[in-house]
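*Asks:* only geometry, no sequence info:
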């Protein structure tokens, strides 16, 4: 963490000086990167593969709260949430651009921390930083990341490929990021009321990390390659399980049966949700920001996934007229409704 006593005003460097300073340590490792930072545009060569491109925008006060989000974690997460979209297409990310808009309240050392987090993510996921931009902002911190990747043309997976009878699967566990957010929000309110009270996050590392430092699931894509698994449809869980299921079903023109008892929820997520008086299943269905992969596979691939510890079969695809339904633990049938993250809703939790 930088020391405010030794902060450096960004105006001392200027825009081009700042870009040069921040990107001085950037290394190019991907063979597909012909030209990275230093010219008017990056030059990439993917030969005969399909090119995948995705962009995400993160806004202070909407997508993150700097009162409890460390800047290094923010840079790391900004990259992760974008890479997740490439993996959701059954591709592998290879490059990103990283752009940032910031107000005069941010010294150079703060911006360094954001970029350091981004570069840590790039190194971990074998991704080149090939460009970006910096600009002044009068509305707080803004981060925009574009990720670029590739997929074999016959292996790219869309949301629209699910067929009746396919198995509905998800990686990892769900709801942890949302419950972690509730914990951080609670501690923020306690701190605002009494700044002398330190945050109490002991024993909650897992769900706090699920919120502050998510991991895109490249490992699941590599698992698909290893075991010959070819999803028929796929999407990442950014807005909650319910929303993502409905996206796949709408795009594929199918229905589904989801079994509540099959939804993977970590014990810490479950217990903490109960402490907050929340239904753990609702947290998984509507919480979002888990960045797991939700996908469908033909029943013929059941043997390839049945023993994968990090993949859960949570239901199956039905004909469109059957609708999208969840079978509760008590055997009741409920329509699946999208109640997850809405980018244009008020950020005030009291208005939700």
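*Replies:* Good, I have the coordinates. From a predicted model like this one, the values you see are computed outputs, not experimental measurements.

*Asks:* alpha carbons only for contacts and neighbour counts from here, please
*Replies:* OK.

*Asks:* can you give me the strands in the stretch 1-150 of the chain?
*Replies:* 33-35, 43-44, 50-59, 92-102, 128-131, 134-136, 142-151 (DSSP state E, counting those that start in this stretch).

*Asks:* Need the winner for burial among the ones you listed.
*Replies:* Mean neighbours per residue, mean count of other CA atoms under 10 Å, is largest over those for strand 128-131, with a mean of 25.

*Asks:* For that one, what is the distance to the chain centroid?
*Replies:* Relative to the chain's own centre, strand 128-131 is displaced by 19 Å; criterion: CA atoms, centre = their mean, to the nearest Å.

*Asks:* same check, this time on stretch 70-89
*Replies:* The chain centroid and the centroid of stretch 70-89 are separated by 6 Å under CA atoms, centre = their mean.

*Asks:* In JSON lines: the strands of the stretch 1-150 of the chain, plus mean pLDDT and distance to residue 80.
*Replies:* Below are the strands of the stretch 1-150 of the chain laid out as JSON lines (pLDDT from 0 to 100; distance: least, CA to CA, whole Å):
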{"stretch": "strand 33-35", "mean pLDDT": "79", "distance to residue 80": "20"}
{"stretch": "strand 43-44", "mean pLDDT": "84", "distance to residue 80": "21"}
{"stretch": "strand 50-59", "mean pLDDT": "94", "distance to residue 80": "10"}
{"stretch": "strand 92-102", "mean pLDDT": "95", "distance to residue 80": "11"}
{"stretch": "strand 128-131", "mean pLDDT": "93", "distance to residue 80": "13"}
{"stretch": "strand 134-136", "mean pLDDT": "85", "distance to residue 80": "20"}
{"stretch": "strand 142-151", "mean pLDDT": "96", "distance to residue 80": "10"}
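
*Asks:* if you take the average position of the chain, which residue is closest to it?
*Replies:* Compute the mean C-alpha point of the chain, and by CA atoms, centre = their mean the closest residue is residue 81, 3.2 Å away.

*Asks:* which ones are touching it?
*Replies:* Applying CA atoms under 8 Å, 6 or more residues apart in numbering to residue 81 gives the contacts 56, 214, 216, 291.

*Asks:* Tell me the pLDDT of it.
*Replies:* Per-residue pLDDT puts residue 81 at 95.

*Asks:* Correct me if wrong: residue 325 contacts residue 333.
*Replies:* Yes - counting by CA atoms under 8 Å, residue 325 does reach residue 333; the two are 6.4 Å apart.

*Asks:* As a markdown table, the strands of the stretch 1-150 of the chain with distance to residue 161 would be great.
*Replies:* A markdown table is the format used below for the strands of the stretch 1-150 of the chain (distance: least, CA to CA, whole Å):
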| stretch | distance to residue 161 |
| --- | --- |
| strand 33-35 | 31 |
| strand 43-44 | 29 |
| strand 50-59 | 18 |
| strand 92-102 | 20 |
| strand 128-131 | 31 |
| strand 134-136 | 39 |
| strand 142-151 | 16 |
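
*Asks:* out of the ones you listed, nearest to residue 286?
*Replies:* Nearest to residue 286, of all the strands of the stretch 1-150 of the chain, is strand 50-59, at 19.8 Å by CA to CA.
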